[in-house]
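Chemist: Kindly return the folded structure for what I paste below:
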Amino acid sequence: MSVDGGTGTEAAERRSLLDHAARAASAGRQAVVRGTRNAARGEWALTALTTVKPPAVPAAEPWRMSIGVLLGRHPKTPALAHKALGLLDRFGAVQVGPAGVGFDGEEIPWEKVVEIRTRNAFEVLTIQALEQEVDRLRQLFPPVPGRKWVVTKAAEAIATLVLAALERGSVDQRLDELVVPVEVVHKGLLGRQRVQLGGLFAAATLAVVDPAARSIVESARQRGVPVTAAKPLAVTTPDHALRVEILRERTDAMAARLARLQSDSEAD
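Modeler: Residues are numbered from 1 along each chain as shown. Got it, this is the predicted structure:
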């Protein structure tokens, strides 16, 4: 038995979890500090994400993270809003386990998964993608009690996680070398192949919580499912100096967008 009363394995898992949370939270703090005081308040989302135990590699039990889960851990979530949190899954969720894998509230059984495709985080974590997600939330989230608070905080959570992932690309690992599994090729009706795409929340979550990304990849490989790189979205790849410049501009723009989201909320 270890000194703290758990087994050696349990103690090692706790140390690993604490180390992971500390590293991810550090990257997030560096990101939000680069924004305004309004942006810094978004750190609640990163704290909520990094204090949840990540999945085993490969997955040994079901693991799920979503915008709704994060908002459920917000200290000031209105009682009425709790009933609406499950509706957020289609706007941002990632899950993996022994039975299947999937994004945005839809789990694909492993026996139907044909291929897992990865993309580098530099491709998918863009300010344009954030604007599209914010617009989608505002336009499609149903009129339920607490809607205004939920939509505002959901957008804030997405922006905060993307900002943390972008900053990781500045201080930890090159973002164009950080690959995340964001496409699930699977058998659909009549055996036709379909592709399930992970959204911006899923990509940012997997960039910040590295064990979750590795869990999806290794769970696939354990079952003989090929893991391949998706065809690049861009025709040309910028050189290193240009990537650094683009990353810095993108990070600054993301911090400014997060601050505006929160300022608009206060004005309302």
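Chemist: wait, what's in contact with the closest residue in space to Ser66 that isn't next to it in sequence?
Modeler: Excluding its sequence neighbours, the residue lying closest to Ser66 (CB to CB, 6 or more residues apart in numbering) is Ala93, at 3.5 Å. (Each C-beta comes from the backbone N, C-alpha and C, glycine too.) Applying CB atoms under 8 Å, 6 or more residues apart in numbering, we find Ala93 in contact with 64-68, 103-105, 201-202.
Chemist: ok, and the most crowded of the residues you listed?
Modeler: Ile67 (29 neighbours; other CB atoms under 10 Å).
Chemist: got a markdown table for the contacts of Ala93, with secondary structure too?
Modeler: Listed next are these as a markdown table, based on DSSP: H, G, I helix; E, B strand; the rest coil:
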| residue | secondary structure |
| --- | --- |
| Arg64 | strand |
| Met65 | strand |
| Ser66 | strand |
| Ile67 | helix |
| Gly68 | helix |
| Phe103 | strand |
| Asp104 | coil |
| Gly105 | coil |
| Phe201 | helix |
| Ala202 | helix |
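Chemist: Would you reformat those residues as CSV and include pLDDT and distance to Ala154?
Modeler: CSV is the format used below for the contacts of Ala93 (pLDDT from 0 to 100; distance: CB to CB, whole Å):
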residue, pLDDT, distance to Ala154
Arg64, 97, 16
Met65, 97, 14
Ser66, 96, 10
Ile67, 96, 5
Gly68, 95, 8
Phe103, 97, 16
Asp104, 93, 13
Gly105, 91, 14
Phe201, 97, 9
Ala202, 97, 14
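Chemist: just the residues you listed now: which is nearest Ala157?
Modeler: Of all the contacts of Ala93, Ala157 sits closest to Ile67, with 5.8 Å by CB to CB.
Chemist: which residues does the closest one contact?
Modeler: Ile67 makes contact with 88-89, 91-93, 154, 157-158, 201 under the criterion CB under 8 Å, 6+ apart.
Chemist: name the helices or strands packed onto the helix or strand encompassing Ala48?
Modeler: Using DSSP states H and E, Ala48 maps to helix 43-50. Counting contacts by 3 or more CB pairs under 8 Å, 6 or more residues apart in numbering; DSSP states H and E, helix 43-50 is packed against helix 8-33, helix 67-72, helix 147-171, helix 200-208.
Chemist: which ones are touching Gly198?
Modeler: Contacts of Gly198 by CB under 8 Å, 6+ apart are 94, 103-104, 180-184, 206.
Chemist: switch the cut-off to 10 Å
Modeler: 92-94, 101-104, 117, 119, 124, 180-184, 204-206, 216 (CB atoms under 10 Å, 6 or more residues apart in numbering).
Chemist: again, but for Gly191
Modeler: Counted by CB under 10 Å, 6+ apart, Gly191 has contacts Lys112.
Chemist: Next one: it relative to Leu46, how far apart?
Modeler: Separation of Gly191 from Leu46 (CB to CB, to the nearest Å): 41 Å.
Chemist: again, but for Arg147
Modeler: From Arg147 to Leu46 the distance is 24 Å (CB to CB).
Chemist: ok, these two, which is more surrounded?
Modeler: A count of neighbours by other CB under 10 Å puts Leu46 above the other of Arg147 and Leu46, at 24 against 16.
Chemist: so what's Glu131 scoring on pLDDT?
Modeler: Reading off the confidence values, Glu131 has pLDDT 93.
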